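*Asks:* No sequence on hand, only this structure:
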């Protein structure tokens with residue numbers, strides 16, 4: 001096995017940038033905050049830890065309903081019928097969050113979508129499941145298939161509503177991925193996720209998502225609460241051509257959820273900026289090469305590199321990671337290494353570094369001599385990035 005080499009460096013101290021506050025603190029037990037444009041991780045804690053999702057489950061139910069609408073299998077005006085089971089298990093008799101549907105009531109699909117997104121109705125979620133697949137159990141199987149298709153590797157679904165089931169689980173990472181998918185795939189239905197209220201059967205209910213408040217200024221998605229999740233939320237907000245997505249759980253109250261949603265969304269949007277570091281195909285570094293007509297190969301990026309960083313570069317560290325020794329021949333455009341950016345010891349971005357040119361191999365005997373030299377002295381080599389000047393302490 002080839003050894004893995006790191007080349008470490010710090011962001012240049014010579015940059016003149018605005019002041020930046022200390023890393024944000026939050027009582028959330030699980031949290032993931034990312035930038036929508038390139039997926040840069042701004043904050044992460046226990047983001048792959050599995051929790052029972054409560055009403056956040058309805059994001060998966062909504063996704064399946066939206067996919068049916070998009071495919072043309074159903075229409076907004078398609079009528080679904082409410083069963084006795086949906087009414088009794090998730091409606092008024094259940095004492096849980098409900099759209100307050102009635103048994104045998106005929107409801108348009110578009111109204112049921114609002115019933116789960118705006119009102120978080122368990123009865124609406126069950127009605128959707130039964131009308132699409134015949135039962136909650138069959139629909140849950142579909143949810144798991146769809147989750148697999150979307151790459152939600154931490155998720156297991158047992159019902160469409162989020163009513164308590166110890167086998168039902170998601171992670172913040174999966175919830176962020178699902179939220180981004182809904183946002184980008186179904187733009188025509190996105191405004192529903194920011195509707196402040198919905199009335200059904202003369203019962204007016206406000207959207208429980210605190211991100212929609214004027215003080216926060218977000219435009220989606222949903223909340224959930226149970227013993228496993230605590231007070232949780234999946235939210236998003238845009239400002240000045242940037243958008244961030246937030247998922248968190250483990251909060252102790254609605255007030256704390258409100259405060260942390262406001263704080264983290266604002267922090268993600270205001271305390272980071274894009275820093276132009278490399279142009280397209282600009283040289284990043286060179287790495288040693290053996291067995292080739294050249295002793296080194298130049299590495300560059302396929303596209304301009306403008307990572308999202310704290311506005312003064314505080315706590316930012318960069319590493320080049322590659323498996324060595326690198327042997328010729330090398331083809332132009334071949335991926336040879338990765339540039340990894342971390343902020344406060346947390347990886348935020350990883351991009352491939354490519355060979356800038358072809359490097360043919362030498363003859364057999366010359367390659368053998370190079371291999372012996374690499375074996376003897378290659379471990380002594382190191383790299384320093386041109387935009388990194390401060391020594392690692």
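*Replies:* Perfect, thanks for sending it. Only a predicted model underlies this, so the values are computations on that prediction, with no experimental measurement involved. Residues are numbered from 1 along each chain as shown.

*Asks:* Enumerate every residue touching residue 258.
*Replies:* Applying C-beta atoms under 8 Å, 6 or more residues apart in numbering, we find residue 258 in contact with 210, 213, 216. No exception for glycine: its C-beta is placed from N, CA and C like everyone else's.

*Asks:* who's in contact with the last one?
*Replies:* Going back to what we said before, that points to residue 216. Counting by C-beta under 8 Å, 6+ apart, residue 216 has contacts 210, 235, 237, 258, 261-262, 265.

*Asks:* for residue 329, same thing?
*Replies:* With contact set as C-beta under 8 Å, 6+ apart, residue 329 has these partners: 292, 358-361.

*Asks:* What of residue 81?
*Replies:* So residue 81 contacts 104-107, 127, 131 (C-beta under 8 Å, 6+ apart).

*Asks:* count of neighbours near residue 85?
*Replies:* When neighbours are defined as other C-beta atoms under 10 Å, residue 85 has 16 of them.

*Asks:* Using neighbour counts, pick out the buried residues of the helix or strand hosting it.
*Replies:* Here residue 85 sits within helix 84-90, counting by DSSP states H and E. Residues of helix 84-90 classed as buried: 85-87, 89-90 (neighbour count, 16 or more other C-beta atoms under 10 Å).

*Asks:* With stretch 331-344 instead?
*Replies:* Along stretch 331-344, these residues count as buried under the neighbour rule (16+ other C-beta under 10 Å): 336-337, 339-343.

*Asks:* Map the structural domains onto the sequence of this structure.
*Replies:* 4-15+276-380, 30-251 (automatic domain parsing).

*Asks:* So which of these is the most surrounded?
*Replies:* Per-stretch averages of neighbours, counted by mean count of other C-beta atoms under 10 Å, single out domain 30-251 among these, with a mean of 20.

*Asks:* what's the span of it, first residue to last?
*Replies:* End-to-end distance for domain 30-251: 9 Å, by C-alpha to C-alpha, to the nearest Å.

*Asks:* just how off-centre is it within its chain?
*Replies:* Remark: domain 30-251 is offset 16 Å from the chain centroid, using C-alpha atoms, centre = their mean, to the nearest Å.

*Asks:* now the spatially closest residue to residue 171 that is not a sequence neighbour, what's its secondary structure?
*Replies:* Excluding the flanking residues, the one nearest residue 171 by C-beta to C-beta, 6 or more residues apart in numbering is residue 154, at 3.7 Å. Three-state secondary structure (criterion: DSSP: H, G, I helix; E, B strand; the rest coil) places residue 154 in coil.

*Asks:* wait, residue 154 sits on residue 169?
*Replies:* Yes - between residue 154 and residue 169 a contact is recorded at 7.0 Å, counting by C-beta atoms under 8 Å.

*Asks:* which residues are in contact with both of those two?
*Replies:* residue 50.

*Asks:* In the stretch 251-393 of the chain, what residue spans correspond to strands?
*Replies:* Under the criterion DSSP state E, counting those that start in this stretch, strands of the stretch 251-393 of the chain are mapped to 272-274, 283-290, 296-300, 308-310, 316-323, 326-327, 335-343, 346-355.

*Asks:* so which of those gets nearest residue 76?
*Replies:* Closest to residue 76 of the strands of the stretch 251-393 of the chain is strand 308-310 (C-beta to C-beta; 37.6 Å).

*Asks:* what helices or strands is the closest one leaning on?
*Replies:* On a contact count with 3 or more C-beta pairs under 8 Å, 6 or more residues apart in numbering; DSSP states H and E, strand 308-310 meets strand 272-274, strand 335-343.
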